[in-house]
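Undergrad: Structure for the following, please:
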Amino acid sequence: MREVLKKEALRPAASLRFLYGSRLGGLFLRLLVCRPVSKVVGCFLDSRFSRILIRRYVRKHKIDMSLYEKENYKSFNAFFTRRIRSELRPFDHSPEAFVAPCDAKLSVFSVDEGSRFEIKGFSYSVESLLRNKALANRYRGGQCLVFRLTVEDYHRYFYIDDGIKGENVFIRGKLHTVQPAALEKRRVFTENCREYTTMETEHFGLVTQVEVGAMMVGRIVNNDGAGACRRGEEKGRFEFGGSTVVLLIERGRAVLDAELLENTARGDETLVKCGERLGSAVLSLPERTV
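TA: Okay, here's the model as predicted:
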């Protein structure tokens, strides 16, 4: 049994309730979600002056630094994107294993015939997420996996399978938090800056991965352009802030562990680790209906 984050534990902090739940907070929110503000904050977090934030951050979020590679961090962002010790995140390299691309709190949703899925009571369109109707239609009847990263998590993400990837497609937006308080008020996944990549994988068909930036995230940094990708290699990283990775899987390509679906149905999130097996490939595929 995996560890579960109960929906009762998702009560947002007072600061987020203020920003997303009051008129005055909304005025501050408009300023905070502007890209110029995020860029200024990002420049500071890239500078050596930001190192003064590291020690307090580690204490506040109870981060066990023994889990990470030893390094003399030159900035807060260098610390935030720190690398975990590789032996602590072994990838399942079994060909049929469907694995997690990152450390996160996971929710799993079905994409209905209208290419829509539910997140926290809101109905989202895959088309509006990707702004690509033809691509969105590939996922009718498929599954949508939402990996929510919080500020204490490991903020690097990895390829889930061998294959060929397309170019990274950036969609400009705003930078809202991906905490539940924001999800209740805003259509965060279709408002936030995001970048998606299609991957023609060896074992799971066409998988689309979307990286969603959140409040005070200066950059989504993907390492590669179009070309070959390999399971377990680093795909990219998020700089400071909470953030989200969304995976879209075609119908009939993978069978996910039942507990993941059951936890989501109860409104709970499942804690998963990078490289962890979440399900299995379907080796015999049904015929596609258009």
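
Undergrad: Quick check, central residue of this protein?
TA: When Cα atoms, centre = their mean is applied to the chain, the residue found nearest the centroid is residue 245 (1.9 Å).

Undergrad: What strand or helix carries that residue?
TA: Secondary structure from DSSP states H and E places residue 245 in strand 243-249.

Undergrad: Run through who's touching that strand.
TA: 101-102, 104, 111, 126, 129, 139, 142-149, 155, 157, 160, 178, 189, 204-205, 207-214, 217, 220 (Cβ atoms under 8 Å, 6 or more residues apart in numbering). In this view, the C-beta of every residue, glycine as well, is placed from N, C-alpha and C.

Undergrad: Kindly recompute the last result at 6 Å.
TA: 101-102, 139, 142-149, 157, 178, 207-214, 217 (Cβ atoms under 6 Å, 6 or more residues apart in numbering).

Undergrad: Compute the distance between the residue nearest to the centre of the chain and residue 53, please.
TA: Counting by Cβ to Cβ, to the nearest Å, the separation of residue 245 from residue 53 is 25 Å.

Undergrad: Could you look up the SS state of residue 129?
TA: Of the three states, residue 129 takes helix under DSSP: H, G, I helix; E, B strand; the rest coil.

Undergrad: Run a quick neighbour tally on it.
TA: Residues contacting residue 129 under the criterion other Cβ atoms under 10 Å number 25.

Undergrad: for residue 48, same thing?
TA: Residue 48 - counted by other Cβ under 10 Å - has 11 other residues nearby.

Undergrad: Dihedrals phi and psi, it?
TA: phi -70, psi -20 (degrees, to the nearest 10).

Undergrad: So for it, what's the pLDDT?
TA: Residue 48 carries a pLDDT score of 95 in this model.

Undergrad: Of the contacts of strand 243-249, which belong to strands?
TA: 143-149, 157, 207-212 (DSSP state E).

Undergrad: where does this structure have low pLDDT?
TA: Within the chain, the segments meeting pLDDT under 70 span 7-38, 114, 116-123, 173-192, 214-218, 241-242, 284-290.

Undergrad: need the helices for it, in chain order.
TA: In the chain, the segments counted as helices under DSSP state H are 14-21, 23-32, 35-46, 54-60, 76-80, 126-130, 133-137, 180-185, 188-191, 258-265.

Undergrad: and the contacts of strand 243-249, which are buried?
TA: Buried members of the contacts of strand 243-249, scored by 16 or more other Cβ atoms under 10 Å, are 101-102, 139, 142-149, 157, 178, 207-214, 217.

Undergrad: So what pairs up with residue 163 in the strands?
TA: residue 201, residue 229 (DSSP bridges).

Undergrad: so how far is residue 200 from it?
TA: Relative to residue 200, and taking Cβ to Cβ, residue 163 is found at 5 Å.

Undergrad: Then residue 208?
TA: 10 Å.

Undergrad: that older thread, so which of residue 163 and residue 200 has more stuff around it?
TA: residue 163 (20 against 14).

Undergrad: got a list of what the more buried one touches?
TA: 199, 200, 201, 202, 229.

Undergrad: For the closest residue in space to the fourth one that isn't next to it in sequence, give its distance to residue 194.
TA: In space, not counting the residues next to it along the chain, residue 202 is nearest to residue 162; the distance is 4.8 Å by Cβ to Cβ, 6 or more residues apart in numbering. Distance from residue 162 to residue 194, counting by Cβ to Cβ: 25 Å.

Undergrad: cool, residue 227 as well?
TA: 21 Å.

Undergrad: Quick check: end-to-end length of stretch 259-275?
TA: Terminal residues of stretch 259-275 are spaced 18 Å apart (Cα to Cα, to the nearest Å).

Undergrad: List the buried residues of it.
TA: 260, 261, 263, 264, 268, 269, 270, 272, 273, 274, 275.

Undergrad: pretty sure the first one contacts residue 271?
TA: Read it as residue 260. No: the criterion here is Cβ atoms under 6 Å, and residue 260 misses it with residue 271 at 11.0 Å.

Undergrad: Name the residues of stretch 194-207 that are buried.
TA: 194, 195, 196, 197, 198, 199, 201, 203, 204, 205, 206, 207.

Undergrad: So which of those residues is the closest to residue 235?
TA: Nearest to residue 235 among the buried residues of stretch 194-207 is residue 197, at 7.7 Å by Cβ to Cβ.

Undergrad: Could you give the bridge partners of the closest one?
TA: Bridge pairing for residue 197 - DSSP bridges - gives residue 209.
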